[in-house]
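Colleague: Here is the input, now give the coordinates:
(chains A and B)
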Amino acid sequence: KNQVEQSPQSLIILEGKNCTLQCNYTVSPFSNLRWYKQDTGRGPVSLTIMTFSENTKSNGRYTATLDADTKQSSLHITASQLSDSASYICVVSVNEKLTFGTGTRLTIIP
Amino acid sequence: NAGVTQTPKFRILKIGQSMTLQCAQDMNHNYMYWYRQDPGMGLKLIYYSVGAGITDKGEVPNGYNVSRSTTEDFPLRLELAAPSQTSVYFCASSFGGDRGRKTQYFGPGTRLLVL
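Modeller: Predicted coordinates for the structure are as follows:
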């Protein structure tokens, strides 16, 4: 069983709508939790990074939250744009070892 | 800055053939990494390097070799290609390790098909 589980596997929403992606992890405690965006055919690009003690971090229309008690993180995307179509990957690190989730494939339709 | 570059973009290999995946970065990063990404799976670390002349195994090193003779380059060698090595390979680099919350910058990937 993967130590970092993401849901949903895929999501389709209309342009302009908001959405929230979920990440559940079992590794604890951890050093950092990151969210990456991966466009089709490209490498992942970092969106946010949070330490174990932080509970929210924003990057423009992207807001990541962290609940260490329930071992959950979420990525909220506000006012989605067509360019948000991508895979979003949750990554948890412990002692320099990164564990990657399988990602959520987000498709924005006009 | 070009960032992290990888060549080739796509390659088909026959079983038993060898090849080297090239990776270069121009950001003067000391840490470099090789990952593979299989369909429906999270990225897995193959090898990493914390500086020129220093390399170490990741989670899935079998069937691969690396070297780091310069800060800029970190080639990944496949000696005897097997169908299980069909994957997308990503190289990444960072200025420092994860404890320092250093962001890893990824290359565009190399898609490898072994038949």
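Colleague: pLDDT below threshold where in chain B?
Modeller: For chain B, the stretches with pLDDT under 70 are B:98-100.
Colleague: So which residues on it come close to chain A?
Modeller: Taking Cβ under 8 Å from any Cβ of the partner chain as the criterion, the neighbours of chain A within chain B are B:4, B:40-45, B:90, B:92, B:97-99, B:101, B:103-109. C-beta: built from backbone N, CA, C; applies to glycine.
Colleague: in stretch B:61-76, what counts as buried?
Modeller: By 16 or more other Cβ atoms under 10 Å in any protein chain shown, the buried positions in stretch B:61-76 come out as B:Pro61, B:Tyr64, B:Val66, B:Ser67, B:Arg68, B:Thr71, B:Glu72, B:Phe74, B:Pro75, B:Leu76.
Colleague: rewinding a little: hmm, which of the residues of chain B next to chain A are the buried ones?
Modeller: Buried among those by 16+ other Cβ under 10 Å: B:4, B:42-45, B:90, B:92, B:97-98, B:103-109.
Colleague: Spatially, which two of the residues you listed are the most separated?
Modeller: The span of those, defined through Cβ to Cβ, is set by B:Gly97 and B:Pro108 at 23.2 Å.
Colleague: Okay, and the residue nearest the centre of chain B sits in which element?
Modeller: The centre of chain B sits closest to B:Trp34, judged by Cα atoms, centre = their mean, with a distance of 2.6 Å. Applying DSSP states H and E as the criterion places B:Trp34 in strand B:31-37.
Colleague: where's that strand relative to the chain centroid, distance-wise?
Modeller: In terms of Cα atoms, centre = their mean, to the nearest Å, the centre of strand B:31-37 is found 4 Å from the chain centre.
Colleague: Against which helices or strands is that strand packed?
Modeller: With contacts defined as 3 or more Cβ pairs under 8 Å, 6 or more residues apart in numbering or on different chains; DSSP states H and E, strand B:31-37 has these neighbours: strand B:19-25, strand B:44-51, strand B:87-94.
Colleague: can I get those strands in CSV with distance to A:Asp84?
Modeller: Converted to CSV, the helices and strands packed on strand B:31-37 look like this (distance: least, Cβ to Cβ, whole Å):
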stretch, distance to A:Asp84
strand B:19-25, 27
strand B:44-51, 26
strand B:87-94, 21
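Colleague: Give me whichever of those is most buried.
Modeller: Most buried of these by mean neighbour count (mean count of other Cβ atoms under 10 Å in any protein chain shown) is strand B:87-94; its value is a mean of 24.
Colleague: which is the next helix or strand following that one?
Modeller: Counting by DSSP H and E, the next helix or strand C-terminal to strand B:87-94 is strand B:105-106.
Colleague: strands paired with that following strand, and their directions?
Modeller: strand B:87-94 (antiparallel) (DSSP bridges).
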